[in-house]
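> All I have is the shape, not the residue letters:
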């Protein structure tokens with residue numbers, strides 16, 4: 001089972017293209033997402049950079065709040081809500097992301113009712129230094145070939 005989500009946790013969308021030389025441990029977090037084990041964003045950025053790829057930090061923090069006790073189930077629901085919100089936002093802005101960096105997990109109470117708020121920053125891993133927004137990466141491959 002995936003470890004407890006906390007500040008610094010990196011989630012990577014399953015199927016994200018990665019450099020062949022990049023090796024790290026991960027485990028299934030939720031449907032379509034994996035949790036990176038034993039690496040924080042800084043270390044992952046360094047490893048991706050050494051491979052000649054780019055680990056973009058995308059501006060704008062997104063958060064989701066879920067009512068419930070401080071349990072992994074509540075945190076997982078908040079993370080799923082956060083991912084769904086980001087995917088809907090990104091579709092409207094024609095931008096893309098394939099990673100999330102959890103910035104904060106806050107456990108609070110309001111009138112005795114516990115709730116958990118998870119905040120995150122979208123991140124994106126890709127080979128190019130120019131952020132590519134298309135979901136269809138064949139367009140990007142064709143553009144690279146035309147430029148060569």
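Done, it's in. All values reported here derive from a predicted model rather than from experimental measurement. Numbers count the residues shown, from 1 in each chain.
> contacts, neighbours, all on C-alpha from now
Fine.
> Pull the distance from the host helix or strand of residue 104 to the chain's centre.
Assessed by DSSP states H and E, residue 104 sits inside strand 99-110. Averaging C-alpha positions (CA atoms, centre = their mean, to the nearest Å) puts strand 99-110 14 Å from its chain's average.
> Show me what that strand is packed against.
Where contact means 3 or more CA pairs under 8 Å, 6 or more residues apart in numbering; DSSP states H and E, strand 99-110 is packed against strand 10-13, strand 113-126.
> Export those as CSV, with columns for mean neighbour count, mean pLDDT and distance to residue 24.
Below are those laid out as CSV (neighbours: other CA atoms under 10 Å; pLDDT from 0 to 100; distance: least, CA to CA, whole Å):
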stretch, mean neighbour count, mean pLDDT, distance to residue 24
strand 10-13, 24, 92, 12
strand 113-126, 20, 91, 14
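> Between these, which one is closest to residue 48.
For those, the distance to residue 48 is smallest for strand 113-126, at 8.1 Å, taking CA to CA.
> measure the residue nearest to residue 61 when sequence neighbours are not counted to residue 109 for me?
Distances taken as CA to CA, 6 or more residues apart in numbering place residue 121 nearest to residue 61, at 4.9 Å, with adjacent residues excluded. Shown here: residue 121 relative to residue 109, a distance of 24 Å by CA to CA, to the nearest Å.
> where along this protein do the helices fall?
Shown for the chain, the helices assigned by DSSP state H span residues 41-50, 72-93, 137-147.
> which other residues reach the longest one?
Counting by CA atoms under 8 Å, 6 or more residues apart in numbering, helix 72-93 makes contact with 4-5, 30, 62-68, 96-97, 116-120, 122, all of which sit outside it.
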